[in-house]
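Asks: Based on what follows, work out the 3D shape:
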Amino acid sequence: MKFKGFLTTVVSFFAALIGFGLKHLLDIESGHDLFEYKNLCFLIAAFLYLRFLTGSVSQLWVDHLFEEKRSIFLFYFDILTLILIGVFATFMSYAENLNEFILLGAILIGTAILWSGLHIFIQKVIVKIQSRASWGKVWIPLNIFHESMFCLALWYSLRWTLMNEQPRA
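Replies: Numbering: from 1, shown residues only. The predicted structure is shown next:
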């Protein structure tokens with residue numbers, strides 16, 4: 001339980017970081033490229049961030065507070081990845097237009113997919129610790145599904161933008 005205070009602080013920082021981003025999405029005023037989509041973007045971001053927050057907290061608590069064998073290297077890797085995901089989530093919330101919002105969402109989820117693979121590799125090959133929970137079986141397919149949805153949305157959004165772009169004189 002020696003990581004509990006530090007873990008609580010980092011998770012609170014992550015929650016505050018994404019909270020500021022969600023507030024920004026709600027505060028978008030007319031004239032901003034995302035104004036027309038701000039409620040949809042807010043809902044997408046809120047559910048995505050909530051998934052990352054609850055999933056991260058669950059994984060961190062089970063892997064680093066309740067396991068008998070712990071790896072300090074894996075703990076800091078997980079914490080740094082959580083902070084990186086929080087930064088990407090904040091950038092996503094401050095996107096200038098819909099295409100950028102979707103692209104940053106795809107990068108956010110791509111980071112989570114990369115983290116999942118690296119976490120499993122580090123856990124099994126480098127530190128040789130077996131976790132009680134098998135996170136990869138849940139998170140990797142879910143992240144791949146989310147990534148494919150964001151990539152599909154980005155493709156449609158870019159296609160629509162290019163088809164409706166006014167030619168410059």
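
Asks: Surely residue 59 touches residue 75?
Replies: No - under the criterion of C-beta atoms under 8 Å, residue 59 makes no contact with residue 75, lying 11.2 Å away. Every residue, glycine included, has its C-beta placed from N, CA and C.

Asks: Which positions within the longest helix along the chain qualify as buried?
Replies: For the chain, the helix reaching the highest residue count under DSSP state H is reported as helix 135-164. Residues of helix 135-164 classed as buried: 135, 136, 139, 142, 143, 146, 147, 150, 151, 153, 154, 157 (neighbour count, 16 or more other C-beta atoms under 10 Å).

Asks: Can I get the residues you listed in JSON lines including pLDDT and distance to residue 66?
Replies: As requested, those are arranged in JSON lines below (pLDDT from 0 to 100; distance: C-beta to C-beta, whole Å):
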{"residue": "135", "pLDDT": "63", "distance to residue 66": "14"}
{"residue": "136", "pLDDT": "62", "distance to residue 66": "18"}
{"residue": "139", "pLDDT": "73", "distance to residue 66": "18"}
{"residue": "142", "pLDDT": "79", "distance to residue 66": "22"}
{"residue": "143", "pLDDT": "78", "distance to residue 66": "23"}
{"residue": "146", "pLDDT": "80", "distance to residue 66": "27"}
{"residue": "147", "pLDDT": "82", "distance to residue 66": "29"}
{"residue": "150", "pLDDT": "80", "distance to residue 66": "32"}
{"residue": "151", "pLDDT": "82", "distance to residue 66": "35"}
{"residue": "153", "pLDDT": "82", "distance to residue 66": "37"}
{"residue": "154", "pLDDT": "78", "distance to residue 66": "38"}
{"residue": "157", "pLDDT": "77", "distance to residue 66": "42"}
